[in-house]
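K.L.:
Okay, structure incoming, though there's no sequence with it:
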C-alpha cells in the first residue's frame, strides 16, 4: 500500500517539476523575443510615418491655386505628429528603446530629415518636413504648434491652399476633422 501512494506522489512531483521547467523555457524565449518584436514594431511604425510625411508633402506640393483643398486620412499608431505652424514644419516623434539611425546625425530620407537622439533609457526618433522656404503653414488659421497623438482611428487632415501672402509664400491652412 505504501508503494502505491509513494508512486502517486512521485507523479505529482514530476508533473510540477516539468511544468516549472516549461515555464522557465517560455520565459527565456520571451526575454529574447520580446525586444526583437518591439524593435520590428518600432521600425514598421517609423517606416509608415515616413510614408505619411511624404504623402502630406506630396499633397501640399500638388495643390496649385487658392481655394484648392484636399483631405488626407492619417493614422498614428504610436508617437506624436506636431504641426509647427510657427516654424513651418511638420514633425513626427517616437520614443523607442532601439536605435533607428545613427544617433546625433541627421539623415535625409527623400525630403524627410531623420534624427535619432539618445536619451536616458530610450531614443527619441524625429522625422521632420520643412516647408519654410515656400510655404506659410497655419493650423486652424493660427500660427501655433498643434500636437496630434496616437489614436485607434485615423484622423482626417484638411489642407487648404489660401493663396500667397505678401512675401510670396503660399499659405497652407491645416485642420483636423
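P.N.:
Happy to help now that I have it. Please read these numbers as outputs of a predicted model, since none were measured by experiment. Numbers count the residues shown, from 1 in each chain.
K.L.:
Kindly confirm my reading that residue 153 is in a strand.
P.N.:
No - counting by DSSP: H, G, I helix; E, B strand; the rest coil, one finds residue 153 to be coil, located in no strand.
K.L.:
where's it relative to residue 76, distance?
P.N.:
10 Å (C-beta to C-beta, to the nearest Å). C-beta coordinates here come from the backbone N, C-alpha and C atoms, glycine included.
K.L.:
cool, residue 147 as well?
P.N.:
Residue 147 is 11 Å from residue 76, by C-beta to C-beta.
K.L.:
The two: which is more packed in?
P.N.:
Comparing residue 147 with residue 76 by other C-beta atoms under 10 Å, the one with more neighbours is residue 76, at 21 against 11.
K.L.:
mind listing what that one touches?
P.N.:
Listed by C-beta atoms under 8 Å, 6 or more residues apart in numbering, the contact partners of residue 76 are 49, 148, 149, 150, 151, 155.
K.L.:
Of these, which is the most crowded?
P.N.:
Going by other C-beta under 10 Å, residue 49 tops the contacts of residue 76 with 23 neighbours.
K.L.:
quick one: pLDDT of that one?
P.N.:
Per-residue confidence (pLDDT) for residue 49: 90.
K.L.:
going forward, begin numbering at 55 instead of 1
P.N.:
Sure thing, new numbering starts at 55, so read that last one as residue 103.
K.L.:
mind listing what it touches?
P.N.:
130, 133, 135, 146, 148, 181 are the contacts of residue 103 under C-beta under 8 Å, 6+ apart.
K.L.:
check which helix or strand covers the third one.
P.N.:
So that's residue 135. Secondary-structure assignment from DSSP states H and E places residue 135 in strand 134-138.
K.L.:
So what touches that strand?
P.N.:
Residues from elsewhere that reach strand 134-138, judged by C-beta under 8 Å, 6+ apart: 103, 106, 128, 143-148, 191, 193, 199-204, 228.
K.L.:
Which of the residues you listed are buried, as a ChimeraX select command?
P.N.:
Buried residues within the contacts of strand 134-138, by 16 or more other C-beta atoms under 10 Å, are selected in ChimeraX with:
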select :103,106,128,143,144,145,146,147,148,191,193,202,228
